[in-house]
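Colleague: how would this look folded up:
(chains A and B)
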Amino acid sequence: GQNIDQPTEMTATEGAIVQINCTYQTSGFNGLFWYQQHAGEAPTFLSYNVLDGLEEKGRFSSFLSRSKGYSYLLLKELQMKDSASYLCAVTISGGSYIPTFGRGTSLIVHP
Amino acid sequence: EAQVTQNPRYLITVTGKKLTVTCSQNMNHEYMSWYRQDPGLGLRQIYYSMNVEVTDKGDVPEGYKVSRKEKRNFPLILESPSPNQTSLYFCASRGTGEYEQYFGPGTRLTVT
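Modeller: So this is what the prediction gives:
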C-alpha cells in the first residue's frame, strides 16, 4: 500500500512564503504530483517531480527527495487567491500511473 | 476546447434508486478514472480504466460499477445508492505517455 502524509491545515500572511511538506511511503515509487484545489472545484495541476531536486515555476516551486520519501511545495509572494487545498499525490511504476492522493493541506492566506 | 465533462453536476436521490453519472473526454485519452472526495479523507480512487474494455478497481470500489465501451466515455454506475455514497465525485483522464491528469468539474451527489 501507499502512505502519504501532509499537514491538515496551514495559515500564512499575504506576501509571505509558505512551504507545504509531503512525506510518502510506497514501493515502486515513480513520481509525485502537486495539485491545487479551490473549494468545490476540480483539482488543477501544479507540478510533477520524478527526479530529485527543485523545480521552479513562477511563484511556485516543488522539491523532491526520493531517498527520504519527501517533497515540498513552496509558494512565494502569497496572494489571497492562493487560499486553497494543496494535494500531494504519488504514482508507482509498473501500474497505471494513475496517482494516489494524500488528504490535502488546506492553506489559509490572511491579509 | 480540450475538456472532461460530467453530468449531472448536482444530484439528490433516494436510497436504492439506480443512477449513472456520465463522464466524457474529447482528448482521445486512454486512461480514465473516478474519484470520490470526502472531508478529511481526500481524493480516493474508485475505479480506473486503461483503455476500452479494460477496467480495474481502485481503493474504494464497493457499491460502484463502471464500463468503458467507448474511448471517450467512462460512466459511473451506482446500482443501489446508499447514504454513505453521498460525496463529491470527480472523473479524470490522461493520455499515454503524459503525466498530467485532467479533471472534470465534479458531481455532488446526495443520497437520502
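Colleague: for A:N49, what are its contacts?
Modeller: Going by C-beta atoms under 8 Å, 6 or more residues apart in numbering or on different chains, A:N49 touches A:31-32, A:55, A:62-64, A:71. Every residue, glycine included, has its C-beta placed from N, CA and C.
Colleague: ok, 6 Å please
Modeller: A:32, A:62, A:64 (C-beta atoms under 6 Å, 6 or more residues apart in numbering or on different chains).
Colleague: now swap in B:G40 and tell me
Modeller: Applying C-beta under 6 Å, 6+ apart, no residues contact B:G40.
Colleague: before we move on, the earlier item: for the contacts of A:N49, which one is nearest chain B?
Modeller: A:L32 (10.5 Å; C-beta to the nearest C-beta).
Colleague: Can you name the element that comes right after the helix or strand containing that closest one?
Modeller: Following DSSP states H and E, one finds A:L32 within strand A:29-37. Toward the C-terminus, strand A:29-37 is succeeded by strand A:44-49 as the next helix or strand (DSSP H and E).
Colleague: Helix or strand next in line after that next one, which one?
Modeller: Using DSSP H and E, the next helix or strand after strand A:44-49 towards the C-terminus is strand A:53-57.
Colleague: That next one to strand A:44-49, inter-axis angle?
Modeller: 150 degrees (axes from the mean of the first three to the mean of the last three C-alpha atoms, to 10 degrees).
Colleague: what's strand A:53-57 in contact with?
Modeller: Residues outside strand A:53-57 that contact it (C-beta under 6 Å, 6+ apart) are A:61-63.
Colleague: By neighbours, which of the contacts of A:N49 wins?
Modeller: The most crowded member of the contacts of A:N49, judged by other C-beta atoms under 10 Å in any protein chain shown, is A:L32 (27 neighbours).
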